[in-house]
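> I would like to see how this sequence folds:
(one chain, ligands or ions: 2)
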Amino acid sequence: MKKEILKVENISKCYKTKKHLFSKQDEHVAVKGVSFTLHDGEVLGIVGESGCGKSTLVKSIIRMIEPDGGRIELFGKDFMSLKASDLKRARRNIRMIFQDPYSSLNPRMTVFDIIAEPLLIERKYNKEEITQKVRETMKRVGLDLGFSNRYPHEFSGGQRQRIVIARAIITDPKIVICDEPVSALDVSIQAKVLNLLNDLKELLGISYIFISHDLEVVRHIADRVIVMKDGEFVEEGSCDEVFESPANSYTKELLASIPHIEVHP
Ligand code: ADP
Ligand code: MG
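Residues are numbered from 1 along each chain as shown. Ligands and ions are numbered 1, 2, ... in the order given. The predicted structure follows:
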(Lines give C-alpha, C1' and ligand atoms only; values in the text may rest on other atoms or scores of the structure.)
(Ligands and ions follow the chains in the order given, each with its own letter.)
Protein backbone atom coordinates (compact mmCIF):
# COMPACT_ATOMS: atom_id res chain seq x y z
CA MET A 1 0.00 0.00 0.00
CA LYS A 2 1.24 3.50 -0.85
CA LYS A 3 2.06 5.96 1.90
CA GLU A 4 -0.78 7.89 3.52
CA ILE A 5 -0.09 11.58 2.92
CA LEU A 6 -3.34 13.11 4.13
CA LYS A 7 -5.58 11.73 6.82
CA VAL A 8 -8.93 13.35 7.51
CA GLU A 9 -10.88 12.17 10.54
CA ASN A 10 -14.39 13.06 11.53
CA ILE A 11 -14.45 16.53 9.97
CA SER A 12 -17.63 18.50 10.43
CA LYS A 13 -18.81 21.98 9.57
CA CYS A 14 -22.01 23.78 10.49
CA TYR A 15 -22.95 27.11 8.91
CA LYS A 16 -24.79 29.53 11.14
CA THR A 17 -26.65 32.21 9.24
CA LYS A 18 -29.09 34.97 10.09
CA LYS A 19 -31.55 36.29 7.55
CA HIS A 20 -32.11 39.53 9.45
CA LEU A 21 -30.43 41.19 12.37
CA PHE A 22 -33.17 40.11 14.80
CA SER A 23 -34.25 36.84 13.21
CA LYS A 24 -33.41 33.46 14.71
CA GLN A 25 -30.12 31.94 13.71
CA ASP A 26 -30.35 29.19 11.10
CA GLU A 27 -27.99 26.26 11.40
CA HIS A 28 -27.06 24.04 8.52
CA VAL A 29 -24.68 21.12 9.00
CA ALA A 30 -22.94 21.02 5.61
CA VAL A 31 -20.36 18.33 6.52
CA LYS A 32 -21.31 15.64 9.02
CA GLY A 33 -18.19 14.02 10.43
CA VAL A 34 -16.48 12.47 7.41
CA SER A 35 -13.17 10.60 7.27
CA PHE A 36 -10.87 9.52 4.47
CA THR A 37 -7.25 9.00 3.57
CA LEU A 38 -5.27 10.14 0.53
CA HIS A 39 -2.32 8.04 -0.57
CA ASP A 40 0.86 9.10 -2.35
CA GLY A 41 0.34 9.36 -6.12
CA GLU A 42 -3.38 8.76 -5.92
CA VAL A 43 -6.28 10.60 -7.56
CA LEU A 44 -9.21 10.51 -5.17
CA GLY A 45 -12.51 11.61 -6.68
CA ILE A 46 -15.35 13.02 -4.59
CA VAL A 47 -18.71 13.11 -6.36
CA GLY A 48 -22.13 14.28 -5.30
CA GLU A 49 -24.87 16.64 -6.30
CA SER A 50 -24.52 20.37 -5.99
CA GLY A 51 -24.99 21.49 -2.38
CA CYS A 52 -23.98 18.17 -0.78
CA GLY A 53 -20.97 19.77 0.95
CA LYS A 54 -18.02 19.00 -1.32
CA SER A 55 -16.57 22.51 -1.36
CA THR A 56 -17.17 22.99 2.35
CA LEU A 57 -15.28 19.77 3.01
CA VAL A 58 -12.20 20.69 1.00
CA LYS A 59 -12.13 24.28 2.21
CA SER A 60 -12.21 22.89 5.75
CA ILE A 61 -9.35 20.53 4.96
CA ILE A 62 -7.02 23.36 3.95
CA ARG A 63 -8.52 25.51 6.73
CA MET A 64 -9.72 28.20 4.37
CA ILE A 65 -12.73 27.90 6.63
CA GLU A 66 -12.23 26.45 10.08
CA PRO A 67 -13.98 23.10 10.59
CA ASP A 68 -15.97 22.68 13.81
CA GLY A 69 -14.32 19.45 14.72
CA GLY A 70 -12.14 16.58 13.57
CA ARG A 71 -8.51 15.84 12.87
CA ILE A 72 -6.35 16.50 9.83
CA GLU A 73 -2.93 14.98 9.44
CA LEU A 74 -0.74 16.17 6.58
CA PHE A 75 2.40 14.07 5.95
CA GLY A 76 2.03 12.58 9.40
CA LYS A 77 1.82 15.96 11.16
CA ASP A 78 -1.16 17.55 12.84
CA PHE A 79 -2.48 20.24 10.50
CA MET A 80 -5.28 21.49 12.75
CA SER A 81 -3.08 22.95 15.44
CA LEU A 82 -0.76 24.90 13.10
CA LYS A 83 -0.50 28.59 13.84
CA ALA A 84 -0.94 31.14 11.02
CA SER A 85 2.73 31.35 9.98
CA ASP A 86 3.26 27.58 10.00
CA LEU A 87 -0.03 27.11 8.20
CA LYS A 88 1.14 29.41 5.43
CA ARG A 89 4.33 27.37 5.05
CA ALA A 90 2.48 24.03 5.10
CA ARG A 91 0.10 25.24 2.40
CA ARG A 92 2.85 25.32 -0.23
CA ASN A 93 2.43 21.56 -0.22
CA ILE A 94 -1.35 21.46 -0.48
CA ARG A 95 -2.79 23.77 -3.10
CA MET A 96 -6.23 24.40 -4.45
CA ILE A 97 -7.76 24.90 -7.90
CA PHE A 98 -11.30 26.31 -8.05
CA GLN A 99 -14.04 26.00 -10.58
CA ASP A 100 -14.29 29.52 -11.81
CA PRO A 101 -11.08 30.85 -13.34
CA TYR A 102 -12.73 34.29 -13.67
CA SER A 103 -13.12 34.91 -9.98
CA SER A 104 -9.96 33.13 -8.89
CA LEU A 105 -7.70 35.39 -10.98
CA ASN A 106 -7.07 39.01 -10.05
CA PRO A 107 -8.09 41.00 -13.15
CA ARG A 108 -5.56 43.74 -12.44
CA MET A 109 -2.53 41.46 -12.30
CA THR A 110 -0.53 40.22 -15.28
CA VAL A 111 -0.21 36.51 -15.96
CA PHE A 112 3.40 36.65 -14.80
CA ASP A 113 2.52 38.28 -11.47
CA ILE A 114 -0.42 35.94 -10.88
CA ILE A 115 1.75 32.85 -11.35
CA ALA A 116 4.71 34.31 -9.43
CA GLU A 117 2.70 35.47 -6.41
CA PRO A 118 2.83 32.22 -4.36
CA LEU A 119 6.65 32.32 -4.63
CA LEU A 120 6.83 35.99 -3.61
CA ILE A 121 4.87 35.17 -0.48
CA GLU A 122 7.57 32.68 0.50
CA ARG A 123 10.24 35.42 0.38
CA LYS A 124 13.09 33.06 -0.34
CA TYR A 125 13.67 33.44 -4.07
CA ASN A 126 15.46 36.21 -5.95
CA LYS A 127 14.16 37.86 -9.12
CA GLU A 128 16.05 35.58 -11.51
CA GLU A 129 14.90 32.43 -9.72
CA ILE A 130 11.30 33.59 -9.81
CA THR A 131 11.45 34.48 -13.50
CA GLN A 132 13.02 31.13 -14.26
CA LYS A 133 10.42 29.23 -12.27
CA VAL A 134 7.49 31.12 -13.80
CA ARG A 135 8.77 30.44 -17.31
CA GLU A 136 9.29 26.76 -16.60
CA THR A 137 5.80 26.47 -15.09
CA MET A 138 4.15 28.34 -17.98
CA LYS A 139 5.75 25.91 -20.41
CA ARG A 140 4.59 22.95 -18.34
CA VAL A 141 0.95 23.99 -18.49
CA GLY A 142 1.11 24.90 -22.18
CA LEU A 143 1.05 28.69 -21.93
CA ASP A 144 3.01 30.73 -24.46
CA LEU A 145 5.75 32.76 -22.73
CA GLY A 146 4.63 35.75 -24.82
CA PHE A 147 1.48 35.89 -22.66
CA SER A 148 3.41 36.93 -19.55
CA ASN A 149 2.42 40.59 -19.63
CA ARG A 150 -1.21 40.09 -20.54
CA TYR A 151 -4.23 40.20 -18.24
CA PRO A 152 -6.71 37.40 -17.43
CA HIS A 153 -9.59 38.90 -19.46
CA GLU A 154 -7.57 38.49 -22.64
CA PHE A 155 -7.78 34.70 -22.39
CA SER A 156 -10.28 31.96 -23.07
CA GLY A 157 -11.71 29.87 -20.21
CA GLY A 158 -9.34 26.99 -20.92
CA GLN A 159 -6.27 29.22 -20.97
CA ARG A 160 -7.37 30.94 -17.78
CA GLN A 161 -7.66 27.57 -16.10
CA ARG A 162 -4.09 26.84 -17.24
CA ILE A 163 -3.01 30.04 -15.49
CA VAL A 164 -4.81 28.85 -12.34
CA ILE A 165 -3.07 25.48 -12.59
CA ALA A 166 0.34 27.13 -13.09
CA ARG A 167 -0.22 29.23 -9.96
CA ALA A 168 -1.14 26.07 -8.05
CA ILE A 169 1.85 23.97 -9.09
CA ILE A 170 4.58 26.62 -8.91
CA THR A 171 5.32 25.81 -5.26
CA ASP A 172 5.89 22.12 -6.15
CA PRO A 173 2.98 20.86 -4.04
CA LYS A 174 2.54 17.18 -3.24
CA ILE A 175 -1.24 17.53 -3.08
CA VAL A 176 -3.54 19.59 -5.30
CA ILE A 177 -7.22 19.83 -4.49
CA CYS A 178 -9.26 20.44 -7.63
CA ASP A 179 -12.78 21.69 -6.88
CA GLU A 180 -14.84 21.31 -10.07
CA PRO A 181 -11.81 22.37 -12.14
CA VAL A 182 -13.44 21.84 -15.53
CA SER A 183 -17.11 22.42 -14.75
CA ALA A 184 -17.12 25.97 -16.13
CA LEU A 185 -15.43 24.95 -19.39
CA ASP A 186 -16.80 23.85 -22.76
CA VAL A 187 -16.85 20.09 -23.14
CA SER A 188 -14.21 20.21 -25.89
CA ILE A 189 -11.83 22.07 -23.56
CA GLN A 190 -12.57 19.87 -20.53
CA ALA A 191 -10.68 16.88 -21.95
CA LYS A 192 -7.61 19.01 -22.67
CA VAL A 193 -7.47 20.37 -19.13
CA LEU A 194 -8.05 16.90 -17.65
CA ASN A 195 -5.23 15.51 -19.77
CA LEU A 196 -2.97 18.31 -18.59
CA LEU A 197 -3.76 17.51 -14.94
CA ASN A 198 -3.05 13.87 -15.65
CA ASP A 199 0.31 14.66 -17.30
CA LEU A 200 1.32 16.94 -14.42
CA LYS A 201 0.52 14.19 -11.95
CA GLU A 202 2.98 11.85 -13.66
CA LEU A 203 5.61 14.50 -14.25
CA LEU A 204 5.57 16.14 -10.82
CA GLY A 205 4.33 13.29 -8.63
CA ILE A 206 1.23 15.14 -7.48
CA SER A 207 -1.71 13.50 -5.70
CA TYR A 208 -5.14 14.96 -6.37
CA ILE A 209 -8.38 15.26 -4.54
CA PHE A 210 -10.68 15.76 -7.47
CA ILE A 211 -14.16 17.08 -6.88
CA SER A 212 -16.98 17.09 -9.36
CA HIS A 213 -20.73 16.76 -9.68
CA ASP A 214 -19.96 15.18 -13.08
CA LEU A 215 -19.41 11.44 -12.70
CA GLU A 216 -18.00 11.05 -16.20
CA VAL A 217 -15.23 13.53 -15.45
CA VAL A 218 -14.32 11.76 -12.21
CA ARG A 219 -14.39 8.38 -13.88
CA HIS A 220 -11.93 9.71 -16.46
CA ILE A 221 -9.30 10.82 -13.96
CA ALA A 222 -9.76 9.17 -10.53
CA ASP A 223 -8.34 5.93 -9.15
CA ARG A 224 -10.68 5.82 -6.19
CA VAL A 225 -13.98 7.56 -5.62
CA ILE A 226 -16.13 8.68 -2.71
CA VAL A 227 -19.83 9.40 -3.15
CA MET A 228 -21.16 12.19 -0.96
CA LYS A 229 -24.78 12.98 -0.10
CA ASP A 230 -26.11 15.60 2.32
CA GLY A 231 -22.78 16.06 4.08
CA GLU A 232 -22.01 12.38 4.46
CA PHE A 233 -20.12 9.70 2.55
CA VAL A 234 -22.44 6.99 1.29
CA GLU A 235 -20.03 4.90 -0.76
CA GLU A 236 -16.31 4.55 -1.31
CA GLY A 237 -14.29 2.26 -3.55
CA SER A 238 -12.11 1.95 -6.63
CA CYS A 239 -13.51 3.71 -9.69
CA ASP A 240 -14.21 0.33 -11.30
CA GLU A 241 -16.10 -0.97 -8.27
CA VAL A 242 -18.22 2.12 -7.75
CA PHE A 243 -19.05 2.77 -11.39
CA GLU A 244 -19.48 -0.85 -12.50
CA SER A 245 -21.25 -2.30 -9.49
CA PRO A 246 -22.41 0.39 -7.07
CA ALA A 247 -23.56 -0.91 -3.71
CA ASN A 248 -25.49 2.12 -2.52
CA SER A 249 -28.93 3.03 -3.85
CA TYR A 250 -28.04 6.72 -4.07
CA THR A 251 -24.95 5.93 -6.19
CA LYS A 252 -27.17 3.84 -8.47
CA GLU A 253 -29.54 6.77 -8.82
CA LEU A 254 -26.69 9.14 -9.67
CA LEU A 255 -25.33 6.73 -12.27
CA ALA A 256 -28.75 6.08 -13.73
CA SER A 257 -29.15 9.79 -14.38
CA ILE A 258 -26.28 9.64 -16.87
CA PRO A 259 -27.76 8.47 -20.16
CA HIS A 260 -24.90 6.37 -21.48
CA ILE A 261 -23.75 4.50 -18.37
CA GLU A 262 -25.54 1.23 -17.90
CA VAL A 263 -26.31 0.29 -14.33
CA HIS A 264 -27.14 -3.25 -13.42
CA PRO A 265 -29.71 -3.50 -10.64
P1 ADP B 1 -21.10 21.65 -3.00
O2 ADP B 1 -19.71 22.14 -3.15
O3 ADP B 1 -21.21 20.17 -2.89
O4 ADP B 1 -22.02 22.19 -4.07
P5 ADP B 1 -21.18 23.39 -0.66
O6 ADP B 1 -20.13 22.88 0.25
O7 ADP B 1 -20.86 24.59 -1.47
O8 ADP B 1 -21.68 22.19 -1.61
O9 ADP B 1 -22.48 23.70 0.18
C10 ADP B 1 -23.03 22.77 1.10
C11 ADP B 1 -24.21 23.41 1.80
O12 ADP B 1 -23.79 24.46 2.65
C13 ADP B 1 -25.24 24.03 0.84
O14 ADP B 1 -26.52 23.79 1.37
C15 ADP B 1 -24.90 25.49 0.86
O16 ADP B 1 -26.04 26.26 0.61
C17 ADP B 1 -24.38 25.70 2.27
N18 ADP B 1 -23.35 26.74 2.33
C19 ADP B 1 -22.20 26.78 1.60
N20 ADP B 1 -21.45 27.85 1.92
C21 ADP B 1 -22.15 28.52 2.88
C22 ADP B 1 -21.91 29.71 3.64
N23 ADP B 1 -20.78 30.43 3.47
N24 ADP B 1 -22.84 30.09 4.53
C25 ADP B 1 -23.97 29.37 4.73
N26 ADP B 1 -24.26 28.24 4.06
C27 ADP B 1 -23.36 27.80 3.15
MG1 MG C 1 -18.85 23.24 -4.72
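
> in the stretch 151-265 of the chain, where is pLDDT below threshold?
259-265 (pLDDT under 70).

> show me what from the stretch 1-150 of the chain comes close to ligand 1.
15, 17, 28, 30, 48, 50-56 (Cβ under 6 Å from any ligand atom). C-beta here means a position set from N, CA and C on the backbone, and glycine is covered the same way.

> who's in contact with the residue lying closest to Ile206 once chain neighbours are set aside?
Once flanking residues are discounted, Ile206 sits nearest to Val176: 5.3 Å by Cβ to Cβ, 6 or more residues apart in numbering. Val176 makes contacts with 94-97, 168-169, 206-209, as judged by Cβ atoms under 8 Å, 6 or more residues apart in numbering.

> for those, pick the one with the most neighbours.
When neighbours are taken as other Cβ atoms under 10 Å, the top entry among the contacts of Val176 is Ile209 (27 neighbours).

> coming back round to it: quick check: the farthest pair among the contacts of Val176?
Ile169 and Ile209 (14.8 Å; Cβ to Cβ).

> thinking again about what came up before, how about the contacts of Val176 in JSON lines, adding secondary structure?
What follows is the contacts of Val176, written out as JSON lines (DSSP: H, G, I helix; E, B strand; the rest coil):
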{"residue": "Ile94", "secondary structure": "strand"}
{"residue": "Arg95", "secondary structure": "strand"}
{"residue": "Met96", "secondary structure": "strand"}
{"residue": "Ile97", "secondary structure": "strand"}
{"residue": "Ala168", "secondary structure": "helix"}
{"residue": "Ile169", "secondary structure": "helix"}
{"residue": "Ile206", "secondary structure": "coil"}
{"residue": "Ser207", "secondary structure": "strand"}
{"residue": "Tyr208", "secondary structure": "strand"}
{"residue": "Ile209", "secondary structure": "strand"}
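
> can you give me the strands for the chain?
Using DSSP state E, the strands of the chain run over 4-18, 25-39, 43-47, 69-74, 77-78, 94-97, 175-179, 207-212, 224-229, 232-238.
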